[in-house]
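**Q** Pasted the sequence and its predicted model underneath.
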Amino acid sequence: MLRFELTDHLLIDAQEAYLNQGTAGGARTADQVRMLRRAYRGMAASFNRRQERDPKGALQDGRIVTIRSQILDPYGAHAWPKRSARMLLGISLAAPSHLPDTQCRKGGPTYRALDPESYVAVLADGPPQEREFGEMLMLVAYLDLVRTMQLVWIGREQDAGAALTAFHRQTGDLTDWSAVNADYAELLAEKCRSIGT
Amino acid sequence: MSVTSEFVKEAVAIPAAGPDVELLRKAAQLLARTEVADAVTQALNADGRSLRELQRDTGLDPAFVSRLARGEKLQGGTVASLAQIALALDKTLHISIE
């Protein structure tokens, strides 16, 4: 079952980076980060609570094919839009960043082969006509092995590219997830050790 | 990250001019639309009747209910609207701030 979580320390880092610009604009953006983070913290709690309350009707995972068919497709299998998943209506799956095709160890499988459905994508707070925080975007990392959608960055749209680059740096090009989700990092390492040995 | 240090950072992040009520309103709108959509969809799923049947039985406007369930931005999506839907479906409305 899909869970939605906030990676608070990374989001607070982003908030601080704007504040440290020492400008009125930076302070304003830091405040937007703070409020959007609070709103999503509430929405994530609500999403997770409803998922647990109704496991049969819950969204099972955050794979691209699932998001497209059950949330973004207006003529999907469900007569009603999947409840609680409104927060994913602003997700952009046009060019998601997947785990790399580099080997997890010498002679071993690639990271993508270990978890082919995981990705990093951009998320806005709804479709364009519905956004409350118009210029603000977020980065989410979907981790299929633990079925968790992690919110890892909030900031201005113009900074999203730089944020994605920084996130690649923080995660060793999406291979070291220890700073984002320790359980996932351990599962990935375990799969790397066990496959092909 | 300790709760204390997060609290300090939250406090520091408030600009010198004071808290921005407009930002608070935006975040609240976002949260409210999601919560309303969730509550209405869950109630409709549990009830099982179509919107047409609900209109026939209770007088609820199908377009309005549908927009609430989709979480669309609209005027009038208030607690009273939720209470109206709850009453029409013979349910109760619970509100809490946790």
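**A** Structure received.
**Q** which helices and strands does the longest helix seen in chain A pack with?
**A** Longest helix in chain A, counting residues (DSSP state H): helix A:24-53. Contact partners of helix A:24-53 among helices and strands, from 3 or more Cβ pairs under 8 Å, 6 or more residues apart in numbering or on different chains; DSSP states H and E: strand A:3-6, helix A:8-19, strand A:136-143, strand A:148-156, helix B:21-47. C-betas here are computed from N, CA, C, even on glycine.
**Q** And these, which one averages the lowest pLDDT?
**A** Lowest mean pLDDT of the helices and strands packed on helix A:24-53: helix B:21-47, a mean of 86.
**Q** Mind giving me the packing neighbours of that helix?
**A** So helix B:21-47, by 3+ Cβ pairs under 8 Å, 6+ apart, packs with helix A:24-53, helix B:62-70, helix B:79-88.
**Q** and the angle from the following helix or strand past it to helix B:21-47?
**A** Sequence-wise, the next helix or strand downstream of helix B:21-47 (DSSP states H and E) is helix B:51-58. Angle, helix B:51-58 to helix B:21-47, by axes from the mean of the first three to the mean of the last three Cα atoms, to 10 degrees: 90 degrees.
**Q** Please report the distance of B:Glu53 from B:Arg70.
**A** Relative to B:Arg70, B:Glu53 is positioned 19 Å away (Cβ to Cβ, to the nearest Å).
**Q** Which of those two has more residues huddled nearby?
**A** B:Arg70 (18 against 12; other Cβ atoms under 10 Å in any protein chain shown).
**Q** Distance to B:Leu44 and mean pLDDT added to the helices and strands packed on helix B:21-47, as CSV?
**A** What follows is the helices and strands packed on helix B:21-47, written out as CSV (distance: least, Cβ to Cβ, whole Å; pLDDT from 0 to 100):
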stretch, distance to B:Leu44, mean pLDDT
helix A:24-53, 14, 92
helix B:62-70, 6, 85
helix B:79-88, 8, 87
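**Q** Please name whichever of these is nearest to B:Asp47.
**A** Smallest distance to B:Asp47 across the helices and strands packed on helix B:21-47 (Cβ to Cβ): 9.1 Å, for helix B:79-88.
**Q** same for that closest one, what does it pack against?
**A** Secondary-structure packing of helix B:79-88 (3+ Cβ pairs under 8 Å, 6+ apart): helix B:21-47, helix B:51-58, helix B:62-70.
**Q** Buried residues in stretch A:8-18, which are they?
**A** Within stretch A:8-18, the residues scored as buried using 16 or more other Cβ atoms under 10 Å in any protein chain shown are A:Leu10, A:Leu11, A:Ile12, A:Ala14, A:Gln15, A:Ala17, A:Tyr18.
**Q** Geometric centre of chain B: which residue is closest?
**A** The centroid of chain B falls nearest to B:Val36 when counting by Cα atoms, centre = their mean (2.8 Å).
**Q** My guess is it contacts B:Leu82. True?
**A** Yes. Counting by Cβ atoms under 8 Å, B:Val36 touches B:Leu82, with 6.4 Å between them.
**Q** shouldn't A:Leu114 be in contact with A:Ala185?
**A** No. With contact defined as Cβ under 8 Å, A:Leu114 and A:Ala185 do not form a contacting pair (11.6 Å).
**Q** The two: who's more crowded?
**A** A:Leu114 (22 against 19).
**Q** Once you drop chain neighbours, what's closest to the spatially most central residue of chain A?
**A** With distances taken as Cα atoms, centre = their mean, A:Val140 lies nearest the centre of chain A, 1.8 Å away. Using Cβ to Cβ, 6 or more residues apart in numbering or on different chains and skipping residues adjacent in sequence, the residue nearest A:Val140 is A:Leu123, 4.8 Å away.
**Q** And B:Leu93, by the same measure?
**A** Counting by Cβ to Cβ, 6+ apart, B:Ala86 is the residue found nearest to B:Leu93 once chain neighbours are left out, at 4.2 Å.
**Q** how much space between that neighbour and chain A?
**A** The gap separating B:Ala86 from chain A is 16 Å, by Cβ to the nearest Cβ, to the nearest Å.
**Q** Which members of the buried residues of stretch A:8-18 additionally contact chain B?
**A** Filtering those for neighbours of chain B using Cβ under 8 Å from any Cβ of the partner chain leaves A:Ile12, A:Gln15.
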